Every structure is written in structure tokens, then in C-alpha cells.
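Undergrad: Following is a predicted model, sequence given first.
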Amino acid sequence: MKKIFNGLFYGLKFLLLVAAFGLTLFILIRMNMRLNKDITSIISEFVPFAILLILFFVNILFKQKNISKNLFYNLTCCLVLSTIIVVALRSLLDTNMVLNEKYGYGVDFNFFDNFIAYIKIMLYGLSIANIFFMFREKEEEKVIVNKKPKKLKKA
């Protein structure tokens, strides 16, 4: 059962990364269009996405079993990326938000802007955890060799 969930979360984290990146890119481009800013001003928001993507490719390329077989890390990746997607969708689709209706842009930019710092924190945290798991020593099973018990000396 653990292997099934691990495989599910391992594959799902790649799809969620693409969805979270796409939604974040869409909202930030629309935000910059509204503010008449250059697109280069949003590069700092995508650095953690790029780092995480590079680490995922390194894990695949070098077949890092410490990460691909780690259920807790894969589940955490899915939860973090799902949180980013939910916040992005809420800022896009929730019509009950006051600023969404007031300005008529169809996106509540203030809600999403308040969450950008948390996006960075969560993605940098995943990247640091990925690096720690990459360099973790492999857990090897210790084989107990049958030895004769030592005789205790009588005093």
C-alpha cells in the first residue's frame, strides 16, 4: 500500500508543479499588465519554481532513490503545490471577494500578492529538503551474524 501511494504522489508532484507554475505565471502577468510593469519584475517569484524543477530533473537523472522512495517528501510536495493551486484558483474564481468585484479585473490581485511570500517559503523549503535527502546516507539493513555467545567469567 505504501508503494502505491508513493508512486501516486511521486507522479502527481510533477503535474502539480506544472499547474502551480502556470497559474502563478498567469496571475503575475495579468498583475503586471494592470500595473504597466515590465515582465522582468516577476523573475524573483519564479526562481524557487526553477530550482525545484532542476532538482526534480537531477533526481530523475541520477535515480535518487532516497527521494523517489520517500513517501513523506512526495506527500509534502503534493500538499505544497496543491496549496499554491488552490490559492491561485481562489484568487481567480472566487466572485465573493470584495476586490475581485470592485475593480472588475476578474482576479483578486491583493489576495494573491499577500500569498507570494508564503509561496517562496514553501518552495524554498521543499528545495532544501530535497537537497538534504539527496545527500542522506542510504539506510542499509544490518545483517546480524550468528555468533556464539560469550561466556561470562565467574568471580
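TA: Done, it's in. Residues are numbered from 1 along each chain as shown.
Undergrad: Which stretches in the chain count as helices?
TA: With DSSP state H as the criterion, the chain has helices at 2-35, 43-61, 65-68, 71-93, 98-103, 109-134.
Undergrad: lowest-confidence stretch among those helices?
TA: Across the helices of the chain, helix 98-103 has the smallest mean pLDDT, namely a mean of 68.
Undergrad: about what we covered before: looking at the helices of the chain, spot the one closest to residue 153.
TA: Between residue 153 and those, the tightest spacing by C-beta to C-beta is seen for helix 65-68, at 45.4 Å. (C-beta placed from N, C-alpha, C; glycine too.)
Undergrad: Show me what that closest one is packed up against.
TA: With contacts taken as 3 or more C-beta pairs under 8 Å, 6 or more residues apart in numbering; DSSP states H and E, helix 65-68 sits against helix 109-134.
Undergrad: Now do the buried residues in the helix it packs on.
TA: By 16 or more other C-beta atoms under 10 Å, the buried positions in helix 109-134 come out as 109, 111-112, 115-116, 119-120, 122-123, 126-127, 129-130, 133.
Undergrad: now residue 2, nearest residue through space, not along the chain?
TA: Excluding the flanking residues, the one nearest residue 2 by C-beta to C-beta, 6 or more residues apart in numbering is residue 71, at 6.0 Å.
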